[in-house]
Structures are given as C-alpha cells and as structure tokens.
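1. Here's my sequence, what's the structure:
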Amino acid sequence: MKFWFGLLVLIMIVANVLAIYYLDPITDRWFRLLATVVFFLIFLFKYNTDKRLLIAFSLLTLCDGLLIFYEDSIVRNIIYLVRISAYLAIIKFLYTYLTRLRLNLITAIFTAFVLALDIYMLHDMAIYIPGYRVDFLFTILFYTMGLVSLALVATCISYLNRYADAKGFLLVVISICLVLSDLTFYNAYYLNFDVFYYADRIVNIIGIALLVVFATKWIQNKENETLTEI
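-> Alright, predicted model coming up:
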C-alpha cells in the first residue's frame with residue numbers, strides 16, 4: 001500500500017488515542033466514526049466494484065455510527081444486529097471459495113470443543129452485563145454475536161489454510177482485529193477497564209484499514225484474471 005495510506009492510518013490512530021484521553025467516552029466515539037468513514041470513502045470511490053464487500057463495509061460503518069448512541073437499549077440491539085450482519089456478509093463472501101472444504105473427524109471434534117468453550121465464556125461474560133436476564137432479545141443477540149465472531153475467524157483461517165496467500169493472511173488479521181475490538185470494548189465498557197478503550201480503537205482502525213487493503217488486492221487479482229482470460 002502507498003505511503004500516504006500508512007500515514008493516514010497512523011494519523012487516525014493518534015487522533016483517536018488523543019480523543020479517548022482528553023474527551024469523555026461518548027464524545028470520543030465520533031472520532032471512531034470519523035476514522036471508519038474516511039476508510040469507507042476510500043473504498044467507496046476506488047474499490048467498490050465488489051458489491052458483497054460493499055455491503056460488509058457499509059454495515060461496519062453503520063455500526064460505528066450507531067455506537068455513539070450505545071446507551072440506548074433499542075439502538076444497542078440494532079448495533080449487535082448490524083455487527084452480526086456485517087460478519088455474516090464477510091462469511092458469505094468467502095463461503096463460495098470454501099464450498100469444497102471438508103472437515104475430518106479430528107477437526108470436527110476440535111471445532112465442537114472450541115464451540116462449547118466459546119458458549120461457556122460467553123455465559124461468563126454475559127453475567128456482567130446489567131439486566132441481561134431481563135432483556136431477552138439482547139441476550140440472544142449477545143450470544144449470537146459471540147458465535148458469529150468465532151465463525152468469522154474460523155472462516156478466514158480456513159481460507160488462509162486453503163489458498164495460503166497474502167489475501168488470506170489479511171483476512172485472518174482483519175477478523176482478529178474486529179473480534180478483538182468487540183472484546184476490548186466489552187472489557188472497557190462493562191468491566192470499567194478504561195485502558196481497553198485504547199486497544200479497542202487501535203485494533204478497530206487497523207482492521208477497517210486492512211479491509212481496504214484486502215479489497216485492493218482482491219479487485220486487482222480479479223482484474224488480472226480477466227486480462228489473462230482475454
């Protein structure tokens with residue numbers, strides 16, 4: 001990627017870190033949205049030819065916009081729904097290239113174990129959320145979010161294992177960054193570990209920026225394949 005893009009990522013990270021340090025937790029969310037919108041606009045004007053990626057990127061941007069009003073219970077439910085939809089959009093985008101992937105018995109057992117462990121950890125996390133037993137819809141969305149996040153990372157790792165290329169590596173890093181952003185936001189917001197707000201913002205910006213890089217490589221690869229066929 002060009003030097004200016006790396007510099008832009010650094011500027012966005014520094015601006016957000018300063019916003020978290022000097023502003024209140026609600027106001028500084030506008031800087032998170034600013035960073036996401038900037039990268040979304042770059043994607044929109046230069047790499048929007050793949051509609052499936054456009055849907056995923058649009059949903060992630062919408063999610064960061066709604067995050068400003070996270071304290072509203074209705075908006076919070078919408079945020080989870082949008083985030084889940086964004087992850088599912090990425091999974092659906094990759095599923096076409098993994099349709100012939102088969103799991104052996106050992107992999108299936110390991111997957112089941114990880115899934116059970118994920119559900120157990122989600123339960124431990126849920127008990128720290130005020131009113132999670134009362135808001136049944138939010139509880140469902142919270143558990144669904146955790147399971148879909150796991151599916152996202154697993155799908156990206158499967159893609160990397162199958163194709164072993166730069167795009168696969170980017171996908172794994174992107175998925176990990178997005179999931180880490182969710183986890184660190186949870187730690188900061190619900191467990192009152194304010195230092196995790198910095199981690200949340202940094203990994204989110206890196207993940208969104210790398211999504212632009214992935215789109216660049218993906219579209220360039222498709223264009224090269226088209227020229228080769230011609």
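2. The residue nearest the centre of the chain: what's it in contact with?
-> Centroid-nearest residue in the chain: Leu178, 3.1 Å away (criterion: CA atoms, centre = their mean). For Leu178, the contact set (CB atoms under 8 Å, 6 or more residues apart in numbering) comprises Leu60, Tyr87, Ser149, Leu152, Val203, Asn204, Gly207. Placement of C-beta: from N, CA and C, glycine included.
3. Narrow those to those that are buried.
-> Applying a neighbour-count criterion of 16 or more other CB atoms under 10 Å, the buried members of the contacts of Leu178 are Leu60, Tyr87, Ser149, Leu152, Val203, Asn204, Gly207.
4. which residue packs closest to the last one, ignoring adjacent ones?
-> Spatial nearest neighbour of Gly207, chain neighbours left out: Cys177 (3.0 Å); criterion: CB to CB, 6 or more residues apart in numbering.
5. After the helix or strand of the chain with the lowest mean pLDDT, heading C-terminal, what element do we hit next?
-> Across the helices and strands of the chain, mean pLDDT, DSSP states H and E gives its lowest value to helix 105-126, namely a mean of 72. Using DSSP states H and E, the helix or strand that follows helix 105-126 in sequence is helix 136-163.
6. Which elements pack onto the helix ranked longest in the chain?
-> Taking DSSP state H as the criterion, the chain has its longest helix at helix 196-229. Here helix 196-229 touches helix 3-22, helix 29-46, helix 51-66, helix 166-190, going by 3 or more CB pairs under 8 Å, 6 or more residues apart in numbering; DSSP states H and E.
7. And the contacts of the shortest one?
-> Just to be clear, that refers to helix 51-66. Looking at what lies outside helix 51-66 - CB under 8 Å, 6+ apart - the contacts are 29, 32-33, 36-37, 40, 43-44, 47-48, 75, 78-79, 82-83, 85-86, 89-90, 92-93, 178, 204, 208, 211, 215, 218.
8. any residues touching the following helix or strand past that helix, and which ones?
-> Sequence-wise, the next helix or strand downstream of helix 51-66 (DSSP H and E) is helix 73-95. Residues from elsewhere that reach helix 73-95, judged by CB under 8 Å, 6+ apart: 52-53, 55-56, 59-60, 62-63, 66-67, 69-70, 135, 137-138, 141-142, 144-145, 148-149, 151-152, 155-156, 159, 171, 175, 178, 182.
9. Quick one: buried ones out of those residues?
-> Of the members of the contacts of helix 73-95, the ones counted as buried by neighbours, 16+ other CB under 10 Å, are 53, 55-56, 59-60, 62-63, 66-67, 135, 138, 141-142, 144-145, 148-149, 151-152, 155-156, 159, 171, 175, 178, 182.
10. pLDDT weak spots in this protein?
-> For the chain, the stretches with pLDDT under 70 are 1, 99-108, 110-111, 113-114, 117, 223-230.
11. ok, back up a step: show me which parts of the longest helix of the chain are buried, residue by residue.
-> Using 16+ other CB under 10 Å as the test for burial, helix 196-229 gives 196-216, 218-219.
12. okay, the angle between it and helix 166-190?
-> Relative orientation of helix 196-229 versus helix 166-190 (axes from the mean of the first three to the mean of the last three CA atoms, to 10 degrees): 160 degrees.
13. If you compare the directions of helix 196-229 and helix 73-95, what angle comes out?
-> Going by the same axes, to 10 degrees, helix 196-229 makes 30 degrees with helix 73-95.
14. How much space separates the residue nearest to the centre of the chain from Leu152?
-> Distance, Leu178 to Leu152, by CB to CB, to the nearest Å: 7 Å.
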